[in-house]
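Q: What follows is a protein structure lacking sequence information:
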Ligand SMILES: Nc1ncnc2c1ncn2[C@@H]1O[C@H](COP(=O)(O)OP(=O)(O)OP(=O)(O)O)[C@@H](O)[C@H]1O
Ligand SMILES: [Mg+2]
């Protein structure tokens, strides 16, 4: 039995006309770091709150450590939760904020001291321990909120967008700190975010949701390389994967604007049928360099650059191709200017084909 098991979990809020979470089944192993990711309103927080016990489960079963939890009160589920809006007590110092929950739980004073000292050290808050929240930076406050959770003896951390009100730079450093902390403490963690980069960089496995339904569960690179459907393909990865409406006939792909590309036999045989598809290709698999252009020269394409995002380490070139706006990710050495005509090839080995109706991945 897995450490956490969700079996066909549903949530319908009172008065709502549809389910907010539908038929979620998921096994989570001890010490795993799991990210729930998906667009706003897809049911991430609702699922997390059902695991925590803050929301009733409409249908289905939840097990933690072999015990059915549906009717168990949140305080008896052995969890610690970090919310997006982690209200710290403004009149209490850092150490008081961290110890407050333990005092309420009637933990002996010497044990509280040991735990708080440990948390303060792990979180690098030594020099701030007697400061009040208003005299801390956002990242330091966030660490205090984490401190309150990690001092509790718990095998399961639930975090709901804990970094969403930090600026971009702090988010990156806190992302690293939470990952480090997880390696150090080893507690099973479920982390909710709408930021696919957080999910990709932090999680052992990602659960990607849309409209209350789990779309795919897997390791970050498995989702990146083998998305189960067009939604996952578009959600994971930045800039977004390019999508084209195409027709496959024999080994020729025809795009909406009449552009044609020849597919290798290995792809057409895997595809198994002809007709209409959605072709997906990531920006980094549209190649402008001489070597790749030489390899795929029979299918060389051209377009005019409409916009350039200079990222420092690389550039994103925007242009129209195949009847759709497209983006190629190129190295910083391949600079193009707006208005330049570029030549490029699409690496056929990196193409994804989705069914036009179901949007499920075909290969
Ligand atoms: N208390 C509630 N009563 C009724 N409907 C709710 C309630 N809480 C959430 N919902 C609805 O359930 C759906 C899922 O909401 P949820 O908060 O789980 O989304 P989320 O994925 O966490 O989104 P976000 O990224 O915006 O936090 C939404 O359509 C939302 O409007
Ligand atoms: Mg939410």
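A: Done, it's in. All figures in this text were calculated on a predicted structure; none of them were measured in a lab. Ligands and ions are numbered 1, 2, ... in the order given.

Q: Sort out which residues of the lengthiest strand in the chain are buried, please.
A: Counting residues, the longest strand in the chain under DSSP state E turns out to be strand 301-310. Residues of strand 301-310 classed as buried: 301, 303, 305, 308 (neighbour count, 16 or more other CB atoms under 10 Å). Any C-beta I mention is one placed from the backbone N, CA and C, and that applies to glycine too.

Q: now stretch 32-49
A: Within stretch 32-49, the residues that count as buried by 16+ other CB under 10 Å are 32-38, 42-49.

Q: Can you name the residues bridging to residue 324?
A: Beta-bridge pairing of residue 324, defined through DSSP bridges, involves residue 321.

Q: before we move on, the earlier item: for the buried residues of strand 301-310, give me CSV that also has pLDDT.
A: As requested, the buried residues of strand 301-310 are arranged in CSV below (pLDDT from 0 to 100):
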residue, pLDDT
301, 97
303, 97
305, 97
308, 96
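
Q: residues near the residue in the stretch 51-200 of the chain positioned nearest to ligand 1, how many?
A: When you check the stretch 51-200 of the chain against ligand 1 by CB to the nearest ligand atom, the closest residue turns out to be residue 194, at 4.5 Å. For residue 194, the number of neighbouring residues by other CB atoms under 10 Å comes to 17.

Q: what do you get for residue 68?
A: Using other CB under 10 Å, residue 68 has 12 neighbouring residues.

Q: now the residue nearest to it when sequence neighbours are not counted, what's its secondary structure?
A: Across the structure, with CB to CB, 6 or more residues apart in numbering as the measure, the residue nearest residue 68 apart from its sequence neighbours is residue 61 (6.2 Å). Secondary structure assignment for residue 61 (DSSP: H, G, I helix; E, B strand; the rest coil): strand.

Q: so what's residue 61 up against?
A: For residue 61, the contacting residues are 5-9, 68, 70, by CB atoms under 8 Å, 6 or more residues apart in numbering.

Q: Show the buried residues in the residues you listed.
A: Among the contacts of residue 61, those that count as buried by neighbour count (16+ other CB under 10 Å) are 5-6, 9.

Q: Secondary structure and pLDDT for these - can I get that in CSV?
A: What follows is these, written out as CSV (DSSP: H, G, I helix; E, B strand; the rest coil; pLDDT from 0 to 100):
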residue, secondary structure, pLDDT
5, strand, 98
6, strand, 98
9, strand, 98
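
Q: near ligand 1, which of the residues you listed show up?
A: Checked against ligand 1 using CB under 6 Å from any ligand atom, those yield no neighbours at all.

Q: which SSE is residue 46 in?
A: helix 44-52 (DSSP states H and E).

Q: remind me which residues of this structure are low pLDDT?
A: Regions of the chain meeting the criterion pLDDT under 70 are absent.

Q: ok, for residue 93, nearest residue in space, not its chain neighbours?
A: residue 130 (5.0 Å).

Q: Give me every residue in the stretch 1-150 of the chain lying close to ligand 1.
A: Taking CB under 6 Å from any ligand atom, the part of the stretch 1-150 of the chain that reaches ligand 1 is made up of 13, 16, 20, 38, 40-46.

Q: hmm, 5 Å instead?
A: Proximity of the stretch 1-150 of the chain to ligand 1 (CB under 5 Å from any ligand atom) is limited to residues 13, 20, 40-46.

Q: can you name the two of those that are farthest apart?
A: Taking CB to CB as the measure, these span a maximum distance of 16.1 Å, between 13 and 40.

Q: quick check: domain ranges of the protein?
A: Partitioning the chain according to automatic domain parsing yields domains covering residues 4-235, 242-355.

Q: how about the helices in the stretch 201-350 of the chain?
A: Chain-ordered helices for the stretch 201-350 of the chain, with DSSP state H, counting those that start in this stretch as the definition, fall at 220-225, 230-235, 265-271, 290-295.

Q: and what of the stretch 51-200 of the chain?
A: With DSSP H, counting those that start in this stretch as the definition, the stretch 51-200 of the chain shows helices at residue ranges 94-104, 109-122, 138-150, 168-185, 196-202.

Q: Serialize the ones you listed to TSV and add fields for mean neighbour count.
A: Formatted as TSV, the helices of the stretch 51-200 of the chain follow (neighbours: other CB atoms under 10 Å):
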stretch	mean neighbour count
helix 94-104	19
helix 109-122	16
helix 138-150	21
helix 168-185	15
helix 196-202	20
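
Q: Any idea which of these gets closest to residue 316?
A: helix 196-202 (15.3 Å).

Q: Measure how far that closest one is from the centre of its chain, please.
A: Average the C-alpha atoms of helix 196-202, do the same for its chain, and the two points are 5 Å apart (CA atoms, centre = their mean, to the nearest Å).

Q: which secondary structure elements does it contact?
A: strand 33-37, helix 168-185, strand 188-193, strand 205-210, helix 220-225 (3 or more CB pairs under 8 Å, 6 or more residues apart in numbering; DSSP states H and E).

Q: which non-adjacent residue is nearest residue 60?
A: For residue 60, the closest residue by CB to CB, 6+ apart turns out to be residue 9, at 3.6 Å.

Q: and the one you found, how far is that from residue 53?
A: From residue 9 over to residue 53 the distance is 13 Å, taken as CB to CB, to the nearest Å.
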